[in-house]
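**Student:** One predicted model, sequence on top.
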Amino acid sequence: MKKWIEAMRLRTLPVSLAGVICGTACALLQGSSNTTVVLLCTLFAALAQVASNFGNEYYDYKNGIDRKGREGFRRGVTEGEISPRAMKRATYATLTLAAIVGCAMLFIGPWWLVFVGVAVALFALGYSAGPYPLSHHGLGDVAVIIFFGIVPVTFTCYLQTGSFDLHTLLTSFAVGLLAANVLIVNNYRDMEDDKAVNKRTTVVIFGRNIMAWCYMLAGVVAIAVMYPVWMKVHLWSLPIISIYLALHIKNWTILKKAQGALLNPLLGKTAVTLFVFSLMLLIAAIAKQ
C-alpha cells in the first residue's frame, strides 16, 4: 500500500484541488454555489491527476525514460516494486473511475461536457504516452496551464453558474501558471536525468537559470492578471497577495540554491503555496456574500 500511495504523488494533489477551489470562489463571486458540483469536480480532478501520475510512471518506464536511483521520488515500477502490468491496470482503472464521475456531471451540465472529459482523459495519457508525449517535447508546461488551470477553474464555475465570465478566465490562467511552477521544480530537479534520455522538458531546452526566472515571473504575472478579481474582493486582496508573494519568493530562493533530491520538499511547498492561495481566495469570496 505504501508503494501505491507513493506512486499517487499525493504531495502534488493540492494542484488539482486548487483549480476546483478557485472555480468555486469565482462562482461565489457571481452569487452562485452548488455543493454537489464541488464534490463531483473535486473527485474527478483528484482521480484524473492520480491516473496521470500512474500513466506517467508506467509509460516513462515502458519508453526507457526512467532509471534506478533517480534524483526524484522513487518510482515503484522502475525499482521493481510494482509490476508494469499492475501499474497499467491501475492507470486505466483510475481513469475509468474518473470517467464515471464525469458522466455523473451530465445530470447537472449539458451533453457537450463529454468532449471536455475526453480531452482531460487524452491529456492524462498523452502527457507521457502516444507517438508524441507532451512532457518529452517541452509542451508539459502548456498542458498543465490548460488542464490544471483553465479547464478545472472555468468548468467548475460554469457548472455552478451556467456561464463563463472574464474574472473566471483570468483566475483560471493565473492558477495554470502557478500549477506550471510545480512542473518547473520537478523538471529543474530532473534536468540531468532527462537530458541523458533525450527527454526535452523546458528546463532541458532553456536551462535552469532561465526557468528559475520563469518560476518567479509566473507567480508575479498570476497575481497581476487577476487585477479585476482583486477589485471584486476589495480589502481581502492585500493579505492574499502579500501572503502568496512572501511564500512564492521564499520558494524561489530555495529553487535557486538547491539541487537534486534537495528539491523534493520544494515540489510539495510549491503545490501547497498554490493550495493556500486558492483557499484564501475562497475565504474572500465567502466573506463577500
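**Tutor:** Cool, the structure landed. Model, not experiment: these values are computed from the prediction.
**Student:** May I see the buried residues of the helix or strand that contains residue 182?
**Tutor:** With elements taken from DSSP states H and E, the one containing residue 182 is helix 166-189. Buried positions in helix 166-189, judged by neighbour count with 16 or more other Cβ atoms under 10 Å: 167-189. (C-beta placed from N, C-alpha, C; glycine too.)
**Student:** Ok, stretch 235-253 next?
**Tutor:** The neighbour-count check on stretch 235-253 (16+ other Cβ under 10 Å) flags 236, 237, 240, 241, 244, 247, 248, 251, 252 as buried.
**Student:** Need these in TSV (columns: pLDDT, distance to residue 225 and secondary structure).
**Tutor:** Output for the buried residues of stretch 235-253, formatted as TSV (pLDDT from 0 to 100; distance: Cβ to Cβ, whole Å; DSSP: H, G, I helix; E, B strand; the rest coil):
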residue	pLDDT	distance to residue 225	secondary structure
236	91	17	helix
237	93	13	helix
240	96	14	helix
241	96	12	helix
244	97	13	helix
247	97	19	helix
248	97	15	helix
251	96	20	helix
252	97	19	helix
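**Student:** Check the spacing between residue 19 and residue 217 real quick.
**Tutor:** 21 Å (Cβ to Cβ, to the nearest Å).
**Student:** out of the two, which sits in the busier spot?
**Tutor:** residue 19 (30 against 13; other Cβ atoms under 10 Å).
**Student:** Checking that one next. Helix, strand or coil?
**Tutor:** helix (DSSP: H, G, I helix; E, B strand; the rest coil).
**Student:** after the longest helix seen in the chain comes which helix or strand?
**Tutor:** The longest helix of the chain (DSSP state H) is helix 35-62. Next helix or strand after helix 35-62 toward the C-terminus (DSSP H and E): helix 84-104.
**Student:** Could you tell me what pLDDT the model assigned to residue 259?
**Tutor:** On the pLDDT scale, residue 259 is placed at 83.
**Student:** Can you report phi and psi for it?
**Tutor:** Taking degrees, to the nearest 10, you get phi -140, psi 160 for the backbone angles of residue 259.
**Student:** Please tell me how far it sits from residue 204.
**Tutor:** Per Cβ to Cβ, residue 259 is found 15 Å from residue 204.
**Student:** okay, these two: which has more neighbours?
**Tutor:** The neighbour comparison of residue 259 against residue 204 (other Cβ under 10 Å) goes to residue 204, with 21 against 13.
**Student:** and the more buried one, which of the three is it?
**Tutor:** Using three-state DSSP, the secondary structure recorded for residue 204 is helix.
**Student:** Contacts only, for it.
**Tutor:** Contacts for residue 204 were tallied using Cβ atoms under 8 Å, 6 or more residues apart in numbering; they are 138, 187, 191, 194, 195.
**Student:** list the buried ones in stretch 262-279?
**Tutor:** Under 16+ other Cβ under 10 Å, the buried positions of stretch 262-279 are 263-264, 266-279.
**Student:** Show me the shaky parts of the stretch 51-200 of the chain.
**Tutor:** 66-76 (pLDDT under 70).
**Student:** Quick check: of the buried residues of stretch 235-253, which lies closest to residue 60?
**Tutor:** Each of these was checked against residue 60 using Cβ to Cβ; the closest is residue 251, at 25.7 Å.
**Student:** doesn't residue 273 make contact with the closest one?
**Tutor:** Yes - using Cβ atoms under 8 Å, residue 251 is in contact with residue 273, at 6.2 Å.
**Student:** nearest spatial neighbour of residue 125, skipping sequence neighbours?
**Tutor:** residue 55 (5.4 Å; Cβ to Cβ, 6 or more residues apart in numbering).
**Student:** which residues does that neighbour contact?
**Tutor:** Residues in contact with residue 55 (Cβ under 8 Å, 6+ apart) are 91, 95, 124, 125, 127, 128, 129.
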